[in-house]
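Enquirer: sequence first, then the predicted structure:
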Amino acid sequence: MLKHENMICISSIDWDFIWQGHQEIMAAFARSGNQVLFIENTGIRSPGIRDMSRIKSRIKNWFKGIKGIRREEDNLYIFSPIVLPFPYSRIAKWINRHLILSVLEKWMRIVDFSDPIIWTFLPTGLALDLISNINNKLVVYYCIADFEKLVKNPAKIRQSEIGIIKVSDLIFVQGQELKRRCEAYNKKVTIFPFGVNMDRFNEASAKTKKPHDIEYIKGTIIGYVGGIHKHVDLGLVRFLAERNKEWILLFIGPVQADISEVKGLKNVIFLDKKEHKELAGYINSFDICLVPYLLNEYTETVYPTKMNEYLAMGKPVVATALPEVLELNKEYGQIVYVGRGNEDFEEQIKKAIRGNSPELRNRYIEVAKDNSWDNRIEKMSFLMERAIEQKKIDREEKWKERLLFFYRKARSKAVKFVVLCLASYLLIFNTPFIWFLASPLSISEAPQKADAIVVFGGGVGETGSPGKSTIERARYAVELYSLGYAYKIIFSSGYTYTYNDSWNMRLFAISMGVPEEDIILEQKANSAYENVIFSKEILDRYKWDSILLVSSPYNMRRAELVFNKQAKYIKVFYTPVQNSQFYDKSGKIRFEQIRAILHEYFGIGYYWVKKYI
């Protein structure tokens, strides 16, 4: 039996739900000295109204612990995570992964819970994410149902289940059909149907008297224990009850489906869920035990857990012709009565009543012992220990191969990186690609008579003197002014490094012969958007509605987009600087040109997000 291991169980039910294999297996591992964290069900479907009680219970359990984690008993911790109830949404899955891992990683560090075995009952994308993000010693997938039949969109859960099957070191399944499906993707599959706890289901554990809430029942009790869900054949139950008034059909468990079909029948009784430790007393009061399941795509893979519990109490069992029931009969020789159709099912119950004997009772108990949880978990544990050891041997024997593979992979990545860099260099610096990229940014129109020339500043250099971009813009504006295209110049820039950018352009223009009274300064703008907004205020003040815009060629497209949205009534002639150093196609491409062009594209994208354009 495994000992001194850390185990994380990703469960498909909550800890306080009907006691099943999930709790049985993890409790057994905890009792054997392994440290177990049981993560309660995170869901395979979005919840509905009927799930409200479960949601309330989850919230209540979350507050019981610290961030949802509580200590249930020695070596056993329960994690009740609160997650977004959309198991197939990528965003919700990402958030849920973060919510769970942020708590889980801290808890694992605090309790020294490292290198765990991960055991999952859930085949969801979230379960696969947790497996992928936690360093583990072994991954076990226990496939207990055909989950595709339980959801509206089977393709999504099929995809995640295939992923879990492929990454698992061991796969345990309930029966032959599930084994066949899993083996299509991973050959390490072993059949382990749910077992029975013989310490809890035996004659000594059952009280000699009937449980107090069924003491009044007289006559033959035909009993069922478990969830009353949509796969219970209520049509069969009604048929039996109406034809056999002397039989009491007693159902013990939570009602999870519409039972109106049999609700009014006096000899059909429903009792709510009972504690697992109390069930032996109820089963001991049954004369015949039932597995009245419908035959459908889902139940063809179901192994009824309650079957072994019934047998452990020495009770005859009558079931519908489920494939896994037929497999059990094949192995043990017709140990369960099988009814094929309503009338045959009724006849099998009568046959079981007539044929009950001490010899058969002992035979039932022997079969149950063979299928006990002690045997099941011992065999599972053996396979897990062997798989852990084999992985350790593989790591030791294949270290050289893995190291060489690592270096080959690293070398391959390095070669690809060098090739990519070289190809990028040749593309950028030896082809017209950059100018192809820059061409949409450029707008160039012939100068026309206008009310004013507006110049967007280009910043100053680190020395505090005007930068080349600022000088070439101011020079071109003076040239247009001198040619008589406009008689006023607006220099717009709030950028300051020792001296204000627009002030520098003013000094340059004056030195070139432009009268001071023909120069207007705008000294607040720190972006092309603000250049437009603040320049527009000046134009509105002077009632001007046409301008020549001077800036660098690559800046024109962004300026046009802003003007079109923020000042569309102004007639703008886009007259970029001629022969700009940032748009010089005659020489080699320079990094400052690439930077300027990319800056414009990022700027346009940012302006679109901000809704400036």
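Expert: Right, received. Where do you want to start? Numbers count the residues shown, from 1 in each chain.

Enquirer: going by C-alpha atoms from here, please, whenever you check contacts or count neighbours.
Expert: Fine.

Enquirer: grab the nearest non-local neighbour of T301.
Expert: Of all residues not flanking T301 in the chain, E177 sits nearest, at 6.0 Å (C-alpha to C-alpha, 6 or more residues apart in numbering).

Enquirer: residues near that neighbour, how many?
Expert: A count of neighbours around E177, defined by other C-alpha atoms under 10 Å, yields 15.

Enquirer: any idea how far it is from A319?
Expert: Counting by C-alpha to C-alpha, to the nearest Å, the separation of E177 from A319 is 19 Å.

Enquirer: likewise for T301?
Expert: Counting by C-alpha to C-alpha - T301 and A319 are separated by 15 Å.

Enquirer: what does G513 give?
Expert: 107 Å.

Enquirer: and the two? Which one has more around it.
Expert: A319 (22 against 10).

Enquirer: count of neighbours near H231?
Expert: Quick note: H231 (other C-alpha under 10 Å) scores 15 neighbours.

Enquirer: that one touches E297, doesn't it?
Expert: No - with contact defined as C-alpha atoms under 8 Å, H231 does not reach E297; the gap is 10.5 Å.

Enquirer: quick check: next helix or strand after the longest helix seen in the chain?
Expert: Longest helix in the chain by number of residues (criterion: DSSP state H): helix 399-429. Per DSSP states H and E, helix 399-429 leads on to helix 433-438 as the next helix or strand towards the C-terminus.

Enquirer: for that following helix, the averaged confidence score.
Expert: For helix 433-438, mean pLDDT rounds to 84.

Enquirer: which parts of it are buried?
Expert: I434, W435, A438 (16 or more other C-alpha atoms under 10 Å).

Enquirer: give me the distance between the second one and E560.
Expert: According to C-alpha to C-alpha, W435 and E560 sit 20 Å apart.

Enquirer: which residues touch stretch 154-172?
Expert: For stretch 154-172, the external contacting residues (C-alpha atoms under 8 Å, 6 or more residues apart in numbering) are 44, 88, 123-125, 128, 138-143, 147-148, 182, 185-186, 188-192, 384, 387.

Enquirer: actually stretch 46-55, sorry about that
Expert: Taking C-alpha under 8 Å, 6+ apart as the rule, stretch 46-55 contacts P85, F86, P87.

Enquirer: among the residues you listed, who's most crowded?
Expert: P87 (21 neighbours).

Enquirer: isn't that one right up against G43?
Expert: Yes - with contact defined as C-alpha under 8 Å, P87 counts as touching G43 (6.6 Å).

Enquirer: ok, I25 to R590 distance?
Expert: For I25 relative to R590 (C-alpha to C-alpha), the value is 68 Å.

Enquirer: more crowded one of these two?
Expert: I25 (18 against 13).

Enquirer: so where does that one fall, helix or strand?
Expert: I25 belongs to helix 21-31 when assigned by DSSP H and E.

Enquirer: pLDDT of the next helix or strand after that helix, averaged?
Expert: Heading C-terminal from helix 21-31, the first helix or strand you meet, by DSSP H and E, is strand 35-39. For strand 35-39, mean pLDDT is 97.

Enquirer: pull up the pairing partners for strand 35-39, direction included.
Expert: strand 6-10 (parallel), strand 76-79 (parallel) (DSSP bridges).

Enquirer: now the closest residue to Y303 other than its chain neighbours: how far from A368?
Expert: Nearest residue to Y303, sequence neighbours excluded (C-alpha to C-alpha, 6+ apart): E324, at 5.5 Å. Distance, E324 to A368, by C-alpha to C-alpha: 15 Å.

Enquirer: the closest residue to L480 other than its chain neighbours sits in which helix or strand?
Expert: In space, L480 comes closest to A486 once its chain neighbours are excluded; the distance is 7.4 Å by C-alpha to C-alpha, 6+ apart. Assigned by DSSP H and E, A486 belongs to neither a helix nor a strand.

Enquirer: surely A486 meets V478?
Expert: No - A486 is beyond contact range of V478, at 10.0 Å (criterion: C-alpha under 8 Å).

Enquirer: rewinding a little: what is the rounded mean pLDDT of the helix or strand the residue nearest to T301 falls within?
Expert: Counting by DSSP H and E, the element that carries E177 is helix 176-182. For helix 176-182, the mean per-residue pLDDT is 93.

Enquirer: can you check stretch 214-229 too?
Expert: Mean pLDDT, computed over stretch 214-229, is 92.

Enquirer: which residues does it contact?
Expert: Outside stretch 214-229, the residues that reach it (C-alpha under 8 Å, 6+ apart) are 18, 246-257, 273, 279, 283, 285-291, 306.
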